[in-house]
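1. This is the structure alone, sequence omitted:
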């Protein structure tokens, strides 16, 4: 029952198990490393115990090893990586095999030198001995740069990017009120329209207050007040205005009125595609970001996530300034359970093998232990995600593993696909075909 409730709260429509895990576990992953502009590629020979580090004085922030997963056995199969006193782990699909990627980025912070051994030990996942490709990526991420994080719903920014928005002190802008999905509060508000109004109000207020836990100020946090589960409809029926689907509201701008930002509260609200694009353009003008964070519309299966990105890309096209765009996925197209395994594991890359992502690089943002703890509390502060109470000693790992954001979110890293203005134009063009 818990899994169903959590799925419905995150998605406006139900999906079958086959749709939740559409990627064949025996297929190769392929992120076309040789096409990435920021990648420095090195051939390494992997044996039964690991490989020798091939480079010295590497300049980069992210390291990926493209290797062949031979077999994965048991529950939560994994490879543990170690170098001297440093140790970390990454999990894979049960029964998976084929080309995969190990995120070895923590080795950069460990100051590994050329010729030193990177040791692998199997915890259920076995690898093929032979040639592999090591990609060192230098994304030149300046955490002092102005950053704009776009969240389709309350909690999406926290799941995907709490670490980076805390590190950059970004502006966090949520598009919808989160007023659809499961009837999580029906026991308190039995009337459906009233329940969804209450749900939207609660989630809007969460989106405006939870980022305060990361040190953001009230003038860095906004919710545009659009209606959950409507963004695709806004696009397909543009320029028509789309009514709220479930909540009974006193006025169309009901959710927007909870903002701290007086200008946004007073700005005319129209539930339409042109209005959404204009609002996102206004955010670009306000923040003048050098980094923008949003979902990738191919890798993220959720309609609202896809069309939130497309609206942002349209606004970026109009704004026409070069920015670094970091793209995340919270509902992975090939496997909804991504990232795999317990929360101590590196996120890795979601399943994908099509050459249509239009990215220049991959960025693995490190999240230290204290920030992971804070991220867990931020997620728990989102009422719509709460399946347990950490105050009574409940185990985080006891929650259903498929849909649990308390397992999926507070990881040692956050993973982003990197692109630019040219890339977002190409993504939009192909997606909208």
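-> Yes, it's here. Everything numeric here is computed off the predicted structure, so don't read it as measured data. Residues are numbered from 1 along each chain as shown.
2. count of residues packed around residue 164?
-> Residue 164 has 24 neighbours, counted by other C-beta atoms under 10 Å. C-beta coordinates here come from the backbone N, C-alpha and C atoms, glycine included.
3. In terms of helices and strands, where is it?
-> Element membership of residue 164 [criterion: DSSP states H and E] is helix 156-168.
4. just checking, next helix/strand downstream of that helix?
-> Remark: after helix 156-168, the chain's next helix or strand is strand 171-176, criterion DSSP H and E.
5. Excluding covalently adjacent residues, which one is nearest to residue 430?
-> Excluding the flanking residues, the one nearest residue 430 by C-beta to C-beta, 6 or more residues apart in numbering is residue 356, at 5.8 Å.
6. Hmm, that neighbour is touching residue 298, no?
-> Yes. Because the distance of 6.4 Å satisfies C-beta atoms under 8 Å, residue 356 is recorded as touching residue 298.
7. who touches both of these two?
-> Here residue 356 and residue 298 have no joint contacts, going by C-beta atoms under 8 Å, 6 or more residues apart in numbering.
8. Please identify the buried residues of the helix or strand residue 370 falls within?
-> If you go by DSSP H and E, residue 370 is part of helix 369-381. Neighbour counts over helix 369-381 (16 or more other C-beta atoms under 10 Å) mark 371-372, 374-376, 378-381 as buried.
9. What are the boundaries of the helices in this structure?
-> Secondary structure of the chain by DSSP state H: the helices cover 2-10, 17-20, 106-109, 156-168, 192-209, 231-236, 262-266, 273-287, 303-319, 369-381, 405-408, 421-432.
10. Distance from the third one to the middle of the chain?
-> If you compare the mean C-alpha spot of helix 106-109 with that of the full chain, they lie 22 Å apart, counting by C-alpha atoms, centre = their mean, to the nearest Å.
11. which strands and helices sit next to that helix?
-> strand 62-72, strand 78-83, strand 86-91 (3 or more C-beta pairs under 8 Å, 6 or more residues apart in numbering; DSSP states H and E).
12. how much does the longest one deviate in direction from strand 78-83?
-> Strand 62-72 and strand 78-83 are oriented at 140 degrees to each other (axes from the mean of the first three to the mean of the last three C-alpha atoms, to 10 degrees).
13. Now strand 62-72: average pLDDT?
-> The average pLDDT for strand 62-72 rounds to 97.
14. Strand partners (parallel or antiparallel) of that strand?
-> Under the criterion DSSP bridges, strand 62-72 sits next to strand 98-103 (antiparallel), strand 125-127 (antiparallel), strand 130-137 (antiparallel) in its sheet.
15. Pick the most buried one from the ones you listed.
-> Greatest average neighbour count among the strands paired with strand 62-72 goes to strand 125-127 (a mean of 23), per mean count of other C-beta atoms under 10 Å.
16. out of residue 356 and residue 298, which sits in the busier spot?
-> Taking other C-beta under 10 Å, residue 356 and residue 298 do not tie; residue 298 has more neighbours (20 against 12).
17. The more buried one and residue 417, how far apart?
-> Residue 298 is 10 Å from residue 417, where distance means C-beta to C-beta, to the nearest Å.
18. so what sits against both of the two?
-> With C-beta under 8 Å, 6+ apart as the test, residue 298 and residue 417 both reach residue 357.
19. by contact count, what packs against the helix holding residue 164?
-> So helix 156-168, by 3+ C-beta pairs under 8 Å, 6+ apart, packs with strand 147-151, strand 171-176, strand 291-295, strand 324-328, strand 361-366, helix 369-381, strand 413-419.
20. make it 6 Å
-> In terms of contacts (3 or more C-beta pairs under 6 Å, 6 or more residues apart in numbering; DSSP states H and E), helix 156-168 is packed against strand 147-151, helix 369-381.
21. Any idea how many residues pack against the closest residue to residue 353 other than its chain neighbours?
-> Nearest residue to residue 353 in three dimensions, chain neighbours excluded: residue 30, at 3.9 Å (C-beta to C-beta, 6+ apart). Neighbour count of residue 30, defined by other C-beta under 10 Å: 15.
22. As a quick check, tell me the outermost residue of this protein.
-> Here the chain reaches farthest from its C-alpha mean at residue 115, the gap being 34.6 Å by C-alpha atoms, centre = their mean.
23. quick one on the thing from earlier: I'd like the helices and strands packed on helix 156-168 laid out as a markdown table, including distance to residue 259.
-> Compiled in a markdown table, the helices and strands packed on helix 156-168 are given as follows (distance: least, C-beta to C-beta, whole Å):
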| stretch | distance to residue 259 |
| --- | --- |
| strand 147-151 | 14 |
| helix 369-381 | 18 |
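24. Tell me which of these approaches residue 345 most closely.
-> Across the helices and strands packed on helix 156-168, residue 345 has its closest neighbour in helix 369-381 (11.9 Å, C-beta to C-beta).
25. any idea how far residue 27 is from residue 21?
-> Noted for residue 21: a distance of 12 Å to residue 27, by C-beta to C-beta.
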